[in-house]
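J.: What follows is a protein structure lacking sequence information:
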């Protein structure tokens, strides 16, 4: 084997392993997919090993490929960091595509992106909202923020938040003649429902209450809409705490009871398994966890 290191081929290999796609690596490196394929083929020939298993359109690292990537990725991250520190204002802009639900984007994420931009000015974020799940091994999206059980085949999931459902309403809605001291007292007011009309039924059932009025009332497909209706004084809503905190802190909503109900589902940052160590994805994931953790405070309740 020649003594000179095939740095271009090694760099290409690392980017393909991070992206899980030769096409995406080619776009990132600004070279043709054919050149990427040639670099990987030449590297495999020189090492006399297979670095990727090719199953249809997908690439998966072999055991040898994984070992090589684990040893190389940190070094190339350090090279990129050193280059960025010297390159200064002319450093390359890196783009990060994020997909999430409309509620999470509108109610929480977008208003906080300024702090991410300040911490990582070299990363430009594109946010799109989709109701359906995205296969991050195929779609050119870097990161998804999803609410679920965190089990997505072929993807890496990182739990960042386990929400609770809070009963909240506008302070103007409350009537001193109809005080709320127990869960059943909520039934004296209009109830604002989720799209499935299930949350109130389940929340009241968890408190030992079965009542035909539980699924009644206007329903909304997104938490953001539920919160707007509650702020407008249309009824009491059960919403995830992460969406309600800002409105409660501002006094536009109050928690009518200190009876949070934990759900089985959590919020996860999801990415392709092959790209979970990519620096821009790790930076966004760490920032998101820190930002959500900073929101972990107890706003005032209506009833102590």
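T.: Happy to help now that I have it. This one's a predicted model, so the numbers in the text were calculated from it and none came from an experiment.

J.: how far is the helix or strand harbouring residue 114 from where the chain is centred?
T.: Using DSSP states H and E, the element containing residue 114 is helix 113-119. Between the centre of helix 113-119 and the centre of its host chain there is 16 Å, according to CA atoms, centre = their mean, to the nearest Å.

J.: after it comes which helix or strand?
T.: Following the chain from helix 113-119 toward its C-terminal end, the next helix or strand by DSSP H and E is strand 123-129.

J.: Please point out which parts of the next helix or strand after that next one sit buried.
T.: Next helix or strand after strand 123-129 toward the C-terminus (DSSP H and E): strand 143-148. Across strand 143-148, burial judged by 16 or more other CB atoms under 10 Å covers 143-147. Where you see a C-beta, it was placed from the backbone N, CA and C, and this is true even at glycine.

J.: and those residues, which two are the farthest apart?
T.: Of all pairs drawn from those, the one with the largest separation by CB to CB is 143 and 147; the distance is 14.4 Å.

J.: Just the closest of the buried residues of strand 143-148 to residue 253, please.
T.: Each of the buried residues of strand 143-148 was checked against residue 253 using CB to CB; the closest is residue 147, at 20.6 Å.

J.: Pull the contacting residues for the closest one.
T.: When the contact criterion is CB atoms under 8 Å, 6 or more residues apart in numbering, the partners of residue 147 are 101, 104, 163, 265-268.

J.: Quick check: phi and psi on residue 234?
T.: phi -80, psi -10 (degrees, to the nearest 10).

J.: Is it in contact with residue 189, as I believe?
T.: No - taking contact to mean CB atoms under 8 Å, the distance of 9.9 Å between residue 234 and residue 189 leaves them out of contact.

J.: picking up where we left off before, can you tell me which helices and strands the helix holding residue 114 packs against?
T.: In terms of contacts (3 or more CB pairs under 8 Å, 6 or more residues apart in numbering; DSSP states H and E), helix 113-119 is packed against strand 123-129, helix 279-294.

J.: Please list the residues outside the last one that contact it.
T.: Yep, that's helix 279-294 we're talking about. For helix 279-294, with CB under 8 Å, 6+ apart as the criterion, the contacting residues are 77, 80, 94, 96, 98, 112, 115-116, 119-120, 123, 125, 142-143, 145, 158, 160-161, 242, 267, 269, 271, 275-276.
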